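**Q** when you get a sec, could you give me coordinates for this:
(chains A and B)
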Amino acid sequence: MATPITIGAAGGEYMESVVVTKWHVSRGARVCAGDLLAEVETAKAVTEVEAPCDGVLGEICAGEGDEIAVDATLGFLLAEGEDDAGAGGNAGTGGNAGAGGNAGAARDAPPAARPEAEASGGGRTDRVVASPLARRRARAAGLDLRQVTGSGPGGRIKRRDVEAVLARGPRAAGGALPVMLLHGFAADATTWSGLVAELGRGRRLIRPDLPGHGAAAPAGGGFEAVVAPLLEALDAVEAPRLHLVGHSLGGAVALSLAGARPARVASLTLIAPAGLGPEIDGPAVDGLCRATRPESLLPWLRRLVADPRRIGDDYARAAMAGRVEAVRAAQAALADRLFPDGTQALDLRSALAECPLPLRVIWGRDDAILPWRQALAAPGHAALNLLPGVGHMPHVEAPELVARLLRETVTAAEATGVQ
Amino acid sequence: MATMRYAEALNLALREEMARDDTIFVFGEDIATYGGVFKVTQGLAEQFGDRVRDTPISEQTLTAMAVTAAMTGSRPVLEIMYADFLPLSLDALVNQASIYHYIWNEQVTMPFVLRTQGGGGVGTGAQHAKSLDAMVAHIPGLKVVAPVTPADARFLLKAAIRDPHPVIFLEHKLLYNLRGEVDEADDAVGEIGRARVAREGRDVTILATSRMVLEAEKAAEELAGEGVSAEVIDLRSLRPLDLDAITASVAKTNHAVVVNEGWRFCGYTAELAATIMDHAFDDLDAPVERVAARDMPIPYAEPLEREVIPGAADIAAAARRALA
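**A** Numbers count the residues shown, from 1 in each chain, chains lettered A, B, ... in the order given. Sure thing, here's the model as predicted:
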């Protein structure tokens, strides 16, 4: 068991960090308890760090010249004969938080970064300059400030500018109701990045993670527990209404939200939605939940798309990085409730049949997870698009077409819908 | 109901309180025999004898005396002739008056009032014209009030004397001759921490302190001629702040101008601007505009002094910037 070398009380009162000025022993050197190991400099004095026990100097986490926190780990002392690699493994819990060496690097990687997560709010380069009040009014009205010309000093958008645009009616305001996008099982909000790029700007997009997915806390229950936080999220959206888009499990959620808040939903777009029949590719669901490595995840990811060449090793590695143990466990528990024994326990066919909203259903003809024939449960007023050569991920496999269809849905709904 | 000058209203408050409570005594430089350089304490010595004491010139000692007297059962009212000399009082304020109730777990109270006057406008020069409001308002444990009207002067001085905590009572040399209605029959006591809407308006809120309230009212009159409806709020209490009054007004007008006669940098207006940002950010339709003294000594020559100390024109200009 490697013993961490710490500064202890040598940091002195009031000190938050120290600089390592000198190491007196090298890696591999044998030392006795009390031997001088290193010197660190605080704002007050140079202090000696002694060996806490007998041992061999293993990994050095903070080299000469490094500034580290007073509670950081300088390095590790190994017991006689102990494997050096063991110390490196412990370094992750030693917790230097990147202050000195590479300790901590082995920690669970955070879920995959989401470069587009803020894209709907505008990039840094063309930041909208608006007063706080103007921002608040625009947010409440679902108005995109990029469509407003500012009349204040330096072109700052003031309340009067927002109100002038709103006074011209919903068309002038871009009809810009926000769009909420709900991802599918075992995915997260990053699934929408390709579609978002195609949609372009000018409309607020809300992309929550489903419970137990991405950064969201586990649901701890069945389908109702998945829907509940998203209903809260929908209620919190500061806009009179919004458009709902859902893929797979997210489609079932979107359908439930629309049923719960019909007056708040301007249109509903379902992409290969769950809940429209008992059939589902059970082995794929199990495989996605079970996979702990990119190699075991890859075949199941490939099953999601019509052309497996779309999914490479890099894709699998990136996907696996976000699927930490807690996420996998939450999803396995959820799958057990939603898809027991490879069957969809969820039946929303009557909800779909009775849905009065502007409705579009998009399905890939080569969907290997949910058969496209389930789309036939849609009522007569729904637009139905069956995409040839596309699998279970139309928004990923054909983002351009899906973006076009989505634009048509929201534009038509806003042109005819009540305001 | 009587019309009386600000100084007379203070004098009245002192007489009323001293008659009510014989633990109150008044001391300071030239306040007894001479009646105070601004005549606030005129006639008190005749009425109350040795409860009104002249002292040597030593603000540091005087303030320490106030602290110890307050701790041992008296209610001293100390006059520091010019706010410019508040720095001499600071140790007793920062290290004693403001903290003793805390470090002794409320076994002592500190019921004393430090009256002083500051501000410029009459060519009294760099050592007798400053507004050091921010310096005392910075200290937790002190209350700081600055009434503008004679009626408020009376009510708030009575409130300050009765308060169990140390209160810095800021007057202004150009307010002493201001006349106003005072209802002598009304024996109410003011409430420290409540602002006053001096003028109602809907387009822009002007928060001001002490004599700057009068300048803000002039500015509001000027703005009214341009079709701008300015609301003037007399803070009355610099610490504690009347947060409700401030946020309610900013929520209504969405524009704020903050005015204080002290220096701009790290000044009282900076605190007001930050407070509005903390509590009413989403109500703002423009950045908060600050109006304060230029960051330099107050010149002796009156034309220069007018350039350094803010006035109605500066406040109106700031309101126009906010509304631009």
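**Q** all helices for the stretch 201-350 of chain A, in order.
**A** Counting by DSSP state H, counting those that start in this stretch, the stretch 201-350 of chain A has helices at residues A:223-236, A:249-260, A:282-290, A:294-303, A:313-322, A:325-338, A:349-353.
**Q** worst mean pLDDT among the ones you listed?
**A** Least confident of the helices of the stretch 201-350 of chain A, judged by mean pLDDT, is helix A:313-322 with a mean of 84.
**Q** quick check: angle from it to helix A:294-303?
**A** Calculated by axes from the mean of the first three to the mean of the last three C-alpha atoms, to 10 degrees, helix A:313-322 forms an angle of 110 degrees with helix A:294-303.
**Q** so how far is helix A:313-322 off the chain centroid?
**A** 14 Å (C-alpha atoms, centre = their mean, to the nearest Å).
**Q** can you name every helix or strand that it contacts?
**A** Helix A:313-322 sits against helix A:294-303, with contacts defined as 3 or more C-beta pairs under 8 Å, 6 or more residues apart in numbering or on different chains; DSSP states H and E. All C-beta spots, glycine's among them, are computed from the backbone N, C-alpha and C.
**Q** now the angle from the helix it packs on to helix A:282-290?
**A** Computed by the same axes, to 10 degrees, the angle separating helix A:294-303 from helix A:282-290 equals 140 degrees.
**Q** how far out from the middle of the chain is helix A:294-303?
**A** Relative to the centre of its chain, helix A:294-303 is centred 20 Å away, using C-alpha atoms, centre = their mean.
**Q** try stretch B:20-29
**A** 20 Å.
**Q** for it, measure first residue to last.
**A** One end of stretch B:20-29 sits 24 Å from the other (C-alpha to C-alpha, to the nearest Å).
**Q** pLDDT of that stretch, averaged?
**A** On average, the pLDDT along stretch B:20-29 is 97.
**Q** tell me which residues of the longest helix anywhere in chain A come out buried.
**A** What stands out as the longest helix in chain A, according to DSSP state H, is helix A:399-416. Across helix A:399-416, burial judged by 16 or more other C-beta atoms under 10 Å in any protein chain shown covers A:Pro399, A:Leu401, A:Val402, A:Ala403, A:Leu405, A:Leu406, A:Thr409, A:Val410, A:Ala413, A:Glu414.
**Q** for chain B, give the residue positioned nearest to chain A.
**A** Residue nearest to chain A within chain B (C-beta to the nearest C-beta): B:Asp285, separated by 4.2 Å.
**Q** SS state for that residue?
**A** Following DSSP: H, G, I helix; E, B strand; the rest coil, B:Asp285 is assigned to coil.
**Q** need the contact list for it.
**A** Counting by C-beta atoms under 8 Å, 6 or more residues apart in numbering or on different chains, B:Asp285 touches A:Ser131, A:Pro132, A:Leu133, A:Ala134, A:Lys158, A:Arg159, B:Asn254, B:His255.
**Q** rerun that using 6 Å as the cut-off
**A** B:Asp285 makes contacts with A:Ser131, A:Leu133, A:Lys158, A:Arg159, B:Asn254, as judged by C-beta atoms under 6 Å, 6 or more residues apart in numbering or on different chains.
**Q** likewise for A:Leu74?
**A** A:Ile5, A:Ala62.
**Q** and it, how far from A:Thr21?
**A** To A:Thr21, A:Leu74 is 12 Å away according to C-beta to C-beta, to the nearest Å.
**Q** pull the distance from the helix or strand encompassing B:Arg290 to the chain's centre.
**A** Counting by DSSP states H and E, the element that carries B:Arg290 is strand B:289-293. Relative to its chain's centre, strand B:289-293 lies at 17 Å (C-alpha atoms, centre = their mean).
**Q** now do the buried residues in the next helix or strand after that strand.
**A** Downstream of strand B:289-293, the next assigned helix or strand under DSSP H and E is helix B:302-308. Neighbour counts over helix B:302-308 (16+ other C-beta under 10 Å) mark B:Glu305, B:Val308 as buried.
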